[in-house]
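K.L.:
Fold the following for me, if possible:
(one chain, ligands or ions: 2)
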Amino acid sequence: MTDVTVRVPAKVNLQLGVGPLRADGYHDLVTVFHAVSLFDEVTAEPSDRLAVSVRGDSVDVRGVPLDGGNLAARAAVLLAGRLGVEPAVSLHIRKAIPVAGGMAGGSADAAAALVACARLWGADHEDLPKLAAELGSDVPFSLLGGTAIGLGRGEVLTPVPVRGPFHWVFACADGGLSTPAVYAECDRLREVAGRPVGRPEAARELLAALESGDARALGGALDNDLQPAAVELRPALRDTLAAGRAAGALGALVSGSGPTCAFLAESAEHAADLAAAVRAAGVAETVVRAHGPVPGATVI
Ligand SMILES: C[C@@](CO)(OP(=O)(O)O)[C@H](O)COP(=O)(O)OP(=O)(O)OC[C@H]1O[C@@H](n2ccc(N)nc2=O)[C@H](O)[C@@H]1O
Ligand SMILES: Nc1ncnc2c1ncn2[C@@H]1O[C@H](COP(=O)(O)OP(=O)(O)O)[C@@H](O)[C@H]1O
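P.N.:
Ligands and ions are numbered 1, 2, ... in the order given. Here you go, the predicted model:
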């Protein structure tokens, strides 16, 4: 068998409702994941031992581990262990998803490695979602793609109907934010506020806007419970969000745990104008456009 290459999308959480801290250190979520056309590619090549290489065309890949700690390598080792084979594979990762940006780039690479190695080793694809959930809360969605409600710690997925495409602009920051640190800051802010934390629910207006393809309504319904924590840890995000709103975004929010900010546009043309305006405001390291929803990890 020769090389297998898998293309896998980034995600943005259109809603990220965070429940109270659980005994296992995770939070119950109600989230609406949305896969967007910003893709990493993972190529799996038969080799005498496990190896990882990473290349980034326009993203800084210095924070990406090249050893067994890389999520793609962890995925290969997990799958090989289940199949009883050696993880004898070289994984070449081509990154376009910002690192530690709140767009699930590491999870995407793990999902892509699962699909690529499953193809190389002749494994059943039906077993992959369970393995994906063992690797990380966001990995099952990276496999699935599209738009889906995520419950539990984000791994229990239900696809939702969407009349797309929706057009987005992403403002990527210089340097990432740690996901556990942002959840911990969210807990701290809630403790300081002293208000009880209820169970989040999927926002009906948001699901209706997705189903009818109403970008304006979707812009008004975007919501992220981690945003105050991300802004507290990275105060410059206030200016980034304000610049997108001032430039005419239909909605603006921090993507997941940040620091990437997502801006919703009315059309592809509007997204081009919005991207130019956000770029000109000088509030982000890089500004990219993308549309969603798009499919999850796919062999190309
Ligand atoms: C915030 C989100 C939103 O989609 O994504 P990112 O912004 O990181 O991409 C996710 O919840 C991140 O998922 P993922 O990055 O897969 O997290 P995991 O590896 O499973 O967990 C890392 C750490 O995040 C915290 N965590 C994660 C998920 C969850 N439901 N509750 C949590 O409290 C825990 O501290 C956990 O130890
Ligand atoms: N293949 C990978 N790509 C990116 N980061 C990875 C990868 N494997 C492990 N990591 C580690 O995971 C951390 C979080 O990365 P990432 O998934 O890009 O961010 P986020 O959780 O904010 O979406 C990185 O800082 C890095 O140390």
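K.L.:
Check the secondary structure at the residue in the chain positioned nearest to ligand 2 for me.
P.N.:
Using C-beta to the nearest ligand atom, the point where the chain gets nearest to ligand 2 is Gly106, with a distance of 2.8 Å. Glycine gets a C-beta too; all of them are placed from N, C-alpha and C. Taken by DSSP: H, G, I helix; E, B strand; the rest coil, the conformation at Gly106 corresponds to helix.
K.L.:
Number of residues surrounding the nearest residue to Ser178 once chain neighbours are set aside?
P.N.:
Setting aside the residues directly before and after it, Ser178 is nearest to Ala100 in space (C-beta to C-beta, 6 or more residues apart in numbering), at 6.8 Å. Counted with other C-beta atoms under 10 Å, the neighbours of Ala100 add up to 20.
K.L.:
mind listing what Ala100 touches?
P.N.:
By C-beta atoms under 8 Å, 6 or more residues apart in numbering, the contact set of Ala100 is 63, 175-179.
K.L.:
Which of the residues you listed are buried? Put it as a PyMOL command.
P.N.:
Command for PyMOL, covering only those of these found buried under the criterion 16 or more other C-beta atoms under 10 Å:
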select buried, resi 176+177+179
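K.L.:
So of the contacts of Ala100, which two are at opposite extremes in space?
P.N.:
Using C-beta to C-beta, the two most remote members of the contacts of Ala100 are Gly175 and Thr179, lying 14.2 Å apart.
K.L.:
What residue spans form the domains of the chain?
P.N.:
According to automatic domain parsing, the chain comprises the domains 4-159, 166-292.
K.L.:
same question for the first one, mean pLDDT?
P.N.:
Spelled out, that is domain 4-159. Averaged across domain 4-159, the pLDDT comes to 97.
K.L.:
and the gap between Thr179 and Leu128?
P.N.:
22 Å (C-beta to C-beta, to the nearest Å).
K.L.:
Repeat that for Pro200.
P.N.:
For Pro200, the distance to Leu128 - C-beta to C-beta - is 28 Å.
K.L.:
just to revisit the earlier point, how many neighbouring residues does the residue of the chain closest to ligand 2 have?
P.N.:
Applying other C-beta under 10 Å, we find 28 other residues in the vicinity of Gly106.
K.L.:
And Val254, by the same measure?
P.N.:
28.
K.L.:
does the residue nearest to Gly105 when sequence neighbours are not counted sit in a helix, a strand or a coil?
P.N.:
Take Gly105 and drop its neighbours on the chain: the residue closest to it by C-beta to C-beta, 6+ apart is Ile97, 3.5 Å away. At Ile97, secondary structure determined by three-state DSSP is coil.
K.L.:
Appreciated, that's everything.
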